[in-house]
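S.K.: Predicted model and sequence below, questions to follow.
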Amino acid sequence: MPKASVNGTILHYHVHGRGTPIVFIHPPLLNRAVFRYQEVQLADPFQVVTFDIRGHGFSPASETPLTYALIAEDIKSLLDHLNIRKAYLCGYSAGAGVAMQTMLTYPDRIRGGILLGAMAEPFNWAVRGQLAAASALAKLGMKTSLALLIAKANADMAETFHNLYYEAIRGDVRNWQQYYEAGMKFSVTGQLGSIQAPTLLVYGARDRSAYAHGIELHQMMPDSTLARIPDIRHHVPTKGMDTFHDLVTKWIMQHELRAASNGESHVDKNLIKKAMDYDLRIPDDVLADHGIMR
């Protein structure tokens with residue numbers, strides 16, 4: 001697995017495909033294995049970047065306590081390492097909070113945000129209780145029990161459970177606890193109006209309280225789209241992947257075509273060609289500028 005020496009730490013990462021880059025951000029305890037389906041199925045026409053946060057999976061433990069701000073710094077440094085000028089971010093669960101933090105801190109490096117089960121703050125007693133319980137279990141060193149619970153909740157089949165559990169258990173339980181603790185303190189509700197990048201908010205249709213919170217986020221974010229995936233709760237990457245992949249592909253294509261129509265020159269030619277397969281409206285001048293025949 002490739003590794004990058006960035007921001008005073010070592011991050012293990014993978015890059016799949018070529019094209020418009022999407023960086024995926026996992027929640028506490030899990031690692032990049034939770035995005036295995038996305039690595040395979042979105043690698044054309046995108047460049048899928050997954051990585052293990054400090055003290056998770058194959059990335060070594062961090063002596064510096066984990067915070068959302070620190071992870072955002074690491075993401076910016078990883079973009080520098082990979083020579084990626086601007087990328088879409090896709091954060092899952094607490095990783096969506098990290099994505100929002102990164103969008104606020106480094107807006108010039110972010111083309112857009114895809115937020116799965118996002119919370120701008122722990123919005124009710126149930127969420128606060130879950131974070132507090134996970135933090136307490138991690139602080140007590142109950143690494144195996146916690147990893148079993150989280151892996152089982154996210155798994156769609158036995159093989160997925162195996163991958164999630166055995167990669168998660170490699171992590172550092174102190175850094176897990178710090179990540180959960182950071183989630184308990186996180187709050188950017190008052191800053192959402194400052195996020196100018198296009199944002200796709202995605203929730204499982206059965207995750208009702210989170211979706212209600214998502215409606216509030218949608219109303220506060222200037223350029224946001226709100227979507228639900230049928231028949232699932234919170235676990236979009238592993239249990240709602242087919243619908244999600246179609247949704248995110250069309251959404252990014254629409255925003256990249258808008259950028260091309262506005263004269264931005266860096267829009268990926270292959271993405272525009274793929275957009276033709278989705279029956280999206282593509283202006284003739286965009287096709288001509290990229291040397292594409294209709």
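M.R.: Thanks, I have the structure now.

S.K.: Now do the strands in the protein.
M.R.: Using DSSP state E, the strands of the chain run over 3-6, 9-16, 20-25, 46-51, 87-92, 110-116, 199-204, 224-229.

S.K.: Contacts made by the fifth one with the rest, please.
M.R.: Applying CB atoms under 8 Å, 6 or more residues apart in numbering, the external contacts of strand 87-92 come out as 20-27, 34-35, 38, 49, 75, 79, 97-100, 102-103, 109-118, 236-237, 248, 252. For glycine as for every other residue, the C-beta is placed from the backbone atoms N, C-alpha and C.

S.K.: who does that strand pair up with?
M.R.: strand 20-25 (parallel), strand 110-116 (parallel) (DSSP bridges).

S.K.: what angle separates it from strand 199-204?
M.R.: 20 degrees (axes from the mean of the first three to the mean of the last three CA atoms, to 10 degrees).

S.K.: from what I can see residue 22 touches residue 114, true?
M.R.: Yes - counting by CB atoms under 8 Å, residue 22 touches residue 114, with 7.3 Å between them.

S.K.: which of the two has more neighbours?
M.R.: residue 114 (27 against 24; other CB atoms under 10 Å).

S.K.: Please tell me how far that one sits from residue 132.
M.R.: 28 Å (CB to CB, to the nearest Å).

S.K.: One more: residue 173?
M.R.: Counting by CB to CB, the gap from residue 173 to residue 132 is 16 Å.

S.K.: do residue 243 as well
M.R.: 32 Å.

S.K.: Repeat that for residue 177.
M.R.: Residue 177 sits at a distance of 11 Å from residue 132 (criterion: CB to CB).

S.K.: How about residue 79?
M.R.: Distance of residue 79 to residue 132, given as CB to CB: 33 Å.

S.K.: same question, residue 78
M.R.: 30 Å.

S.K.: Any buried residues in the lowest-mean-pLDDT helix or strand in the chain, and which?
M.R.: The weakest-scoring helix or strand in the chain, judged by mean pLDDT, DSSP states H and E, is helix 284-289 (a mean of 76). By 16 or more other CB atoms under 10 Å, the buried positions in helix 284-289 come out as 286-287, 289.

S.K.: Tell me where the chain has helices.
M.R.: Under the criterion DSSP state H, the chain contains helices at 36-41, 68-81, 94-105, 125-139, 143-154, 158-168, 173-185, 208-220, 236-239, 241-261, 269-277, 284-289.
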